[in-house]
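Novice: model this:
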Amino acid sequence: MEINDLTPAELRVWRAFSRGAPVDFRTGADENTADGGGWGPERTLRASVLRALLVSAPQEEGEIAALRVAGARITGLLDLTHAVLDHPLRLSHCHFEQRPELYGIQVRRLSLPGSVLPGLGLNGARVDGTLRLSDCRIDGTLRLAAAQISGALFLDGAELNAPDATEPALKLDQAVVNDDLWAPGLRVRGEVRLSGATVTGSVNLGEALLDRPGRLALDGQTLTVEGDVLLRGTEVNGWIGLRNARITGRLDLSHARLRNPGSTALRARSAVIGELWLRKGPRPEGALNLRRAQIDDLFIEPEVVPDEVRLDNLVYTSLTKHEPAERRLPMLERDTDGYVPHAYEQLTAAYRRIGDDNAARLVQLAKQRRHRSTLPWYGRLWGHVQDATVGYGFRPLRACGWLLSLLALGSVAYALNEPPPLKADEAPHFNPVFYTLDLLLPVISFGQEGAFDPAGWCQALSYLLVLTGWVLATAVLAGVTRTVSRQ
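Specialist: Model prediction:
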């Protein structure tokens, strides 16, 4: 391109490029870049001029060339497909009339902070430094699929608007970010797609807005993050999908507002997570699906557990913070899969790890009661008997209370109404206490039961004591067996 063909604004940029000097067309720090479509020729740059400048402009000896432009209106298509640029590129607070095509570009550093674009194509790009899109407004898809970014990706304060319901607002699938994905305050209307991406640092979406009601708002399927995923104070209208994700640090949903009523708010099925924090916020409007997930520390407050959960085969090492079993059990009762034995076993193990055996017993008792509701009527009847007598083996002293009460009842009754002996000359001396024990205990015999013959209501009482004794003995044996096998 001949220098004589350049406008005064383009000539100013051309001359500054070889020295890496900045060119600022802005008239004030508070001007709105969204109004850039009306900027005049004094701050208008043709995309073809910028392309020629970046690809083939001469450099001055001893200077570091760089394109640093602020507040320009860029017309035409900036096509740098597969370009290899040896100098930084910064176009801040610029207004692009067409979507830049930077597919497969290789660049040291790329910065577009505060700019307004109708989309941005960076699929397969390689950025050797940072990619800064802070405070950008992109009314189209931001395409970063399979991109490789050696530094951090900055999207803090950016606004991304999907072109339609079928296209994502941010497409970062299969990309590699060798530092943080830094996006606090991000505003997205459409899908954020991070499936298959790898982030060496952390993903910060604190205080962000992800708005895609009733649909997938954040797709992190098979996402790998070696740091944390921070969603503190984030508002999500739609659902978060983290199936098979690997998060080494914590998934922090503290103060978050998750809304997907009538469906699932968070799906972390088969995910591997260091810590999951769900605390200090409103209860999610939608179900929590943690089936087959593996979590080291589950930091979840009872007040924040949603009305529906799915916990089948969830494995966790510890449950923070320590709460009484009565406050944790409602979480298991909300499982939409019904009775899930594994969930009770996990909660029991968590209490035993911290030495709270009483809470562990309460969980096991609740498990047996929940299981009872799944049995046929006769199974439920026998379950009620075990519950009332020995608490399914977790309340063994309760059986002693029943036995002592029946012993006292029988002893008083037979002391006042002594049954006649079968053979007066052979019968031992009648003892109402041991006679009652003979009736209650089916194995032990004190020689009283077979020597006397009660009649009337005393006979009916003896039948009742024999039957009750067998039931109590069987229940005690089942309880003892369960206790021994548990230990």
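Novice: next up, the contacts around Asn244.
Specialist: Asn244 sits next to Gln221, Thr222, Arg269, Ser270, Ala271 when contact means CB atoms under 8 Å, 6 or more residues apart in numbering. C-betas here are computed from N, CA, C, even on glycine.
Novice: now the helix or strand harbouring Tyr378 - C-alpha only, PDB.
Specialist: According to DSSP states H and E, Tyr378 maps onto helix 377-390. These are the backbone C-alpha positions of helix 377-390, laid out as PDB (Å, rounded to 0.1, in the frame of the first residue of the first chain):
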ATOM      1  CA  TRP A 377     -46.900 -54.300  54.300                       C
ATOM      2  CA  TYR A 378     -45.600 -57.300  56.200                       C
ATOM      3  CA  GLY A 379     -42.000 -56.000  55.900                       C
ATOM      4  CA  ARG A 380     -43.100 -52.600  57.100                       C
ATOM      5  CA  LEU A 381     -44.900 -54.200  60.000                       C
ATOM      6  CA  TRP A 382     -41.800 -56.100  61.100                       C
ATOM      7  CA  GLY A 383     -39.800 -53.000  60.600                       C
ATOM      8  CA  HIS A 384     -42.000 -51.000  63.000                       C
ATOM      9  CA  VAL A 385     -41.600 -53.800  65.600                       C
ATOM     10  CA  GLN A 386     -37.800 -53.600  65.300                       C
ATOM     11  CA  ASP A 387     -37.900 -49.800  65.400                       C
ATOM     12  CA  ALA A 388     -40.100 -49.700  68.500                       C
ATOM     13  CA  THR A 389     -38.200 -52.500  70.400                       C
ATOM     14  CA  VAL A 390     -34.500 -52.000  69.700                       C
END
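Novice: so what secondary structure elements neighbour it?
Specialist: Applying 3 or more CB pairs under 8 Å, 6 or more residues apart in numbering; DSSP states H and E, one finds that helix 377-390 makes contact with helix 357-372, helix 397-416, helix 457-486.
Novice: what's the closest of those helices to Trp182?
Specialist: Closest approach to Trp182 among those (CB to CB): helix 357-372, 41.1 Å.
Novice: for that closest one, C-alpha coordinates in PDB please.
Specialist: Taking C-alpha atoms only, helix 357-372 is exported to PDB below (Å, rounded to 0.1, in the frame of the first residue of the first chain):
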ATOM      1  CA  ASP A 357     -20.600 -41.900  66.500                       C
ATOM      2  CA  ASN A 358     -23.900 -40.700  67.800                       C
ATOM      3  CA  ALA A 359     -24.700 -38.800  64.600                       C
ATOM      4  CA  ALA A 360     -23.500 -41.800  62.600                       C
ATOM      5  CA  ARG A 361     -26.000 -44.000  64.500                       C
ATOM      6  CA  LEU A 362     -28.800 -41.500  63.800                       C
ATOM      7  CA  VAL A 363     -28.100 -41.600  60.100                       C
ATOM      8  CA  GLN A 364     -28.100 -45.400  60.100                       C
ATOM      9  CA  LEU A 365     -31.400 -45.400  62.000                       C
ATOM     10  CA  ALA A 366     -32.800 -43.000  59.400                       C
ATOM     11  CA  LYS A 367     -31.600 -45.300  56.600                       C
ATOM     12  CA  GLN A 368     -33.500 -48.200  58.100                       C
ATOM     13  CA  ARG A 369     -36.700 -46.200  58.400                       C
ATOM     14  CA  ARG A 370     -36.400 -44.900  54.900                       C
ATOM     15  CA  HIS A 371     -35.800 -48.500  53.600                       C
ATOM     16  CA  ARG A 372     -38.900 -49.600  55.500                       C
END
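Novice: now the angle between helix 377-390 and that helix, please.
Specialist: Between helix 357-372 and helix 377-390, the angle comes out at 160 degrees (axes from the mean of the first three to the mean of the last three CA atoms, to 10 degrees).
Novice: any chance you could list what contacts helix 357-372?
Specialist: Helix 357-372 is contacted from outside by 324-326, 328-329, 332-333, 339, 341, 344-345, 347-348, 351-352, 379-380, 383-384, 386-387, 391-392, 394-395, 486, using CB under 8 Å, 6+ apart.
Novice: before we move on, the earlier item: so which of the helices and strands packed on helix 377-390 is the most packed in?
Specialist: helix 357-372 (a mean of 19; mean count of other CB atoms under 10 Å).
Novice: pLDDT weak spots in the stretch 301-450 of the chain?
Specialist: Applying pLDDT under 70 to the stretch 301-450 of the chain flags the ranges 388-400.
Novice: mind checking the SS state of Leu251?
Specialist: strand (DSSP: H, G, I helix; E, B strand; the rest coil).
Novice: let's see the pLDDT reported for it.
Specialist: In this model, Leu251 is scored at 97, pLDDT.
Novice: with Glu60 instead?
Specialist: For Glu60, the predicted pLDDT is 70.
Novice: which residue is the nearest non-sequential neighbour of it?
Specialist: Using CB to CB, 6 or more residues apart in numbering and skipping residues adjacent in sequence, the residue nearest Glu60 is Ser18, 4.4 Å away.
Novice: the one you found against Glu61, yeah?
Specialist: No - Ser18 is beyond contact range of Glu61, at 9.6 Å (criterion: CB atoms under 8 Å).
Novice: returning to what we had before: Serialize the contacts of Asn244 to TSV and add fields for neighbour count and pLDDT.
Specialist: Converted to TSV, the contacts of Asn244 look like this (neighbours: other CB atoms under 10 Å; pLDDT from 0 to 100):
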residue	neighbour count	pLDDT
Gln221	19	95
Thr222	19	96
Arg269	21	95
Ser270	16	95
Ala271	26	96
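Novice: which one of those residues is nearest Ala245?
Specialist: Using CB to CB, Ala271 comes nearest to Ala245 of these, at 4.5 Å.
Novice: circling back: between Ser18 and Glu61, point out the one with more neighbours.
Specialist: Ser18 (18 against 6; other CB atoms under 10 Å).
Novice: could you report the pLDDT at the more buried one?
Specialist: Looking at Ser18, its pLDDT stands at 87.
Novice: Gly129 versus that one, what's the distance?
Specialist: Ser18 sits 21 Å away from Gly129, going by CB to CB, to the nearest Å.
Novice: cool, and Asp297?
Specialist: Going from Asp297 to Gly129 by CB to CB gives 35 Å.
Novice: same question, Ile273
Specialist: 30 Å.
Novice: of the two, which one has the most company?
Specialist: Neighbour totals were compared for Ile273 and Gly129, and Ile273 leads with 25 against 16 (other CB under 10 Å).
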